[in-house]
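>>> pasting the structure only:
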């Protein structure tokens, strides 16, 4: 992570890595080994970074006090990816072997459960109080429901933008919202400041996911390491596709491809061409810009200059994202 | 559950069923449907029953106050069974279709995650404080680790009694211990009374699991609906088998069978015969009796008569168990 946006929490992030390794230590060598593999297999640590940054915006910032929350947030993310990889029967993630590939589904499912539970154990042991526990538990509920909703929606053709926004909120934005909100609370922010940080997190989360969905339309295989149109191939309808369904003269052709569970590569290419022939990409980028502009606007006035600048850089980074 | 041991909490258990149905309501129809299927597919509700009974032994018993804890305990049990069924690729449980069979592994894994998280959400929303959340999170950690340990130990031949006791503690006894302890705490017991209830729960849990392991040796297929020797077939070494390995003149033959991943029915029969020819069954029943005697002894003096009698009946029921 060479981007300067996290410079202000550089040392916190180093401490975090050590904390994560301690957090996955289990009373069984295999469970510990799985946890260590997951921790050392990378990850951008965006969720704990947001919490650490937000805590630095509070009046009672204490690195030791925020660290367990930062750990728990990354553990929840990690556990949910472990279960996703079992579901997708994925072999690799970020270039490293998945737990289900390196061991087996049993080990991966149970290790995921273990890591989820470790997160809640760490939170309770630190004594943040019931509100923090409740928000994190609701987050895990939403992550699970979001995945199931996405799967149900697959190959069902046109959906509304409302459904799309609800889905990406549950899948991505809620998580970043909670990181920013709870980080602020633990750092000593008052209710209004924490609510503003929550709003910021929600907006960058929505922008992040729309950008991710745009990359699937725009990028070439060389650039993102996987073929474009992956979402279309899986029958997942994203914002640019929804826009094309609303505006393209070839909307019916696009709709027919999207509900075809046996679509060929040529169909995917055709669908991508139809989407790109409309204003769908620019329209979606406009939405990203709206979310990011709102995110920057709502940042609390009380933030120290370096923290505010870091949050602004995070927003800009999401807007510029090309990976 | 016609046994009179739970008569004193009969109405609580009816309220519990309604609470469980409300607890699994989700912002998605499919997730709700899965939850309702799991709730209505039966289960003996032993864990919430222990918590409800224990709460009635406290000075501040309040049915509304204990109910969310009782619900959360059953939800955690339910979620862990859902994941077990995915791992075992099981089609039925208690005569009903499993979630993975009725839907698929994705739905089952994510619904399990959802139900785990609902339990923690309910606990946090009720505001029992961090100790209760911490104990429940550690419980889920132990359940996962216990399963992984059992799987690793399979087909590895002789293990020590110490390892066996550690495994069944994580797998079964810790859960019943926590039900009794936390029920007591929420019901207003002081620290010593709650510790005694924890000890009681631990002992009946150990007795329960040894009895379960004995049934696998003793019972005929007609009686338990599955062939005897199932644990042996899966390479799982239980207390009676450990005892036979220590005392049988045919211990080496038994050991050879236990590490054979391709054992035949005749091998299982041979192993059962070797175990039954020793004092292993009586020895194990002796251990059950010891645990149950200790369980009854440690019950707090302060328990109301009907609650104490119910806990004594539970212990007797476990000793007499033939199902």
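Thanks, I have it. Just so it is clear, the model here is predicted, and its values are computed rather than measured.
>>> May I see the buried residues of stretch A:148-165?
A:148-151, A:153, A:159, A:164-165 (16 or more other Cβ atoms under 10 Å in any protein chain shown). In this view, the C-beta of every residue, glycine as well, is placed from N, C-alpha and C.
>>> er, stretch A:103-117 actually
Neighbour-count burial for stretch A:103-117, with 16+ other Cβ under 10 Å as criterion, is recorded at A:103, A:105-117.
>>> Equivalent analysis for stretch A:265-279, please.
Within stretch A:265-279, the residues scored as buried using 16+ other Cβ under 10 Å are A:267-268, A:270-272, A:274-275, A:278.
>>> just for chain A, where's the confidence low?
By pLDDT under 70, the low-scoring segments of chain A are A:1-2, A:157-158, A:220-226, A:321-323.
>>> Tabulate the buried residues of stretch A:265-279 in CSV, adding columns for secondary structure and distance to residue A:204.
As requested, those are exported to CSV (DSSP: H, G, I helix; E, B strand; the rest coil; distance: Cβ to Cβ, whole Å):
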residue, secondary structure, distance to residue A:204
A:267, helix, 34
A:268, helix, 30
A:270, helix, 33
A:271, helix, 29
A:272, helix, 27
A:274, helix, 30
A:275, helix, 25
A:278, coil, 26
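>>> quick one: which of those residues is nearest to chain B?
residue A:268 (22.7 Å; Cβ to the nearest Cβ).
>>> Correct me if wrong: the closest one contacts residue A:229.
Yes. At 4.1 Å, residue A:268 counts as touching residue A:229 under the criterion of Cβ atoms under 8 Å.
>>> contacting residues for the closest residue to residue A:316 other than its chain neighbours?
Take residue A:316 and drop its neighbours on the chain: the residue closest to it by Cβ to Cβ, 6 or more residues apart in numbering or on different chains is residue A:292, 7.6 Å away. By Cβ atoms under 8 Å, 6 or more residues apart in numbering or on different chains, residue A:292 lies in contact with A:203-204, A:207, A:315-316, A:318-319.
>>> again, only using 6 Å
Listed by Cβ atoms under 6 Å, 6 or more residues apart in numbering or on different chains, the contact set of residue A:292 reads A:207, A:315, A:319.
>>> Chain B contacts on chain A?
Counting by Cβ under 6 Å from any Cβ of the partner chain, chain A comes close to chain B at A:26-28, A:31, A:83, A:87, A:106, A:109-110, A:113-114, A:117, A:120-121, A:124-125, A:127, A:130, A:133-134, A:137-138, A:140-141, A:144-145, A:147-149.
>>> From these, keep the buried residues only.
Buried among those (16+ other Cβ under 10 Å): A:26, A:28, A:31, A:83, A:87, A:106, A:109-110, A:113-114, A:117, A:120-121, A:124, A:130, A:133-134, A:137-138, A:140-141, A:144-145, A:147-149.
>>> Quick one: residues contacting residue A:144.
Neighbour list for residue A:144: B:110, B:113-114 [criterion: Cβ under 6 Å, 6+ apart].
>>> List phi and psi for the residue in the stretch 201-323 of chain A that chain B sits nearest to.
Proximity to chain B, evaluated over the stretch 201-323 of chain A using Cβ to the nearest Cβ, is greatest for residue A:234 at 12.7 Å. Per-residue torsions, residue A:234: phi -90, psi 10 (degrees, to the nearest 10).
>>> What is the burial count for it?
Counted with other Cβ atoms under 10 Å in any protein chain shown, residues neighbouring residue A:234 total 15.
>>> do you know how far it is from residue B:303?
In this view, residue A:234 and residue B:303 are 58 Å apart by Cβ to Cβ, to the nearest Å.
>>> go on, residue A:138?
Applying Cβ to Cβ to residue A:138 and residue B:303 gives a distance of 37 Å.
>>> Also residue A:298?
According to Cβ to Cβ, residue A:298 and residue B:303 sit 56 Å apart.
>>> Look at these two and report which has more neighbours.
Taking neighbours as other Cβ under 10 Å, residue A:298 and residue B:303 compare with residue B:303 leading, 23 against 16.
>>> nearest residue to that one other than its sequence neighbours?
residue B:57 (4.5 Å).
>>> What of residue A:126?
The shortest distance from residue A:126 to any non-neighbouring residue, by Cβ to Cβ, 6+ apart, is to residue A:68 (4.2 Å).
>>> can you list the residues that contact stretch A:28-42?
Contacts of stretch A:28-42 (Cβ under 6 Å, 6+ apart): A:20-21, A:24-26, A:78, A:94, A:96, A:99, A:111, A:114, B:145, B:148-149.
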